[in-house]
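Peer 1: can't give you the sequence, but here's the structure:
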């Protein structure tokens, strides 16, 4: 009886670990929308430092930056010297696409 309980306990622990591992892999999908970067407009169009909201949104949109760079309507803004300055200030590296 003790062996069965030990095996059952081990099995339950293994199942719990598997559930936790699966939960860790689940990530929130990012919706690529350049309008999400609107909090950065004032920093990009002037020499003002980026706000915390700007940096947060920029980090959130990081997976989308290559798509923005490849879009002829957006690349001039994303690749501008001020946009690069804002990204650097926010700790977001320039993407290599």
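Peer 2: Looks like it arrived, so ask away. Because the structure is predicted, anything quoted here is derived from the model rather than measured. Residues are numbered from 1 along each chain as shown.

Peer 1: list the contacts for the residue most central in space within the chain?
Peer 2: For the chain, the residue nearest the mean C-alpha position is residue 60 (3.7 Å; C-alpha atoms, centre = their mean). Going by C-beta atoms under 8 Å, 6 or more residues apart in numbering, residue 60 touches 30, 36. For every residue, glycine as well, the C-beta is placed using N, CA and C.

Peer 1: start at 2, not 1
Peer 2: OK, 2 is where the count begins now, so the last one is residue 61.

Peer 1: tell me the confidence at it?
Peer 2: We have a pLDDT of 97 for residue 61.

Peer 1: just the one 10 residues further on next, same as before
Peer 2: Per-residue confidence for residue 71 comes out at a pLDDT of 95.

Peer 1: the closest residue in space to it that isn't next to it in sequence: neighbouring residues, count only.
Peer 2: Excluding its sequence neighbours, the residue lying closest to residue 71 (C-beta to C-beta, 6 or more residues apart in numbering) is residue 98, at 6.7 Å. Applying other C-beta atoms under 10 Å, we find 9 residues neighbouring residue 98.

Peer 1: what do you get for residue 62?
Peer 2: Counted with other C-beta under 10 Å, residue 62 comes out at 21.
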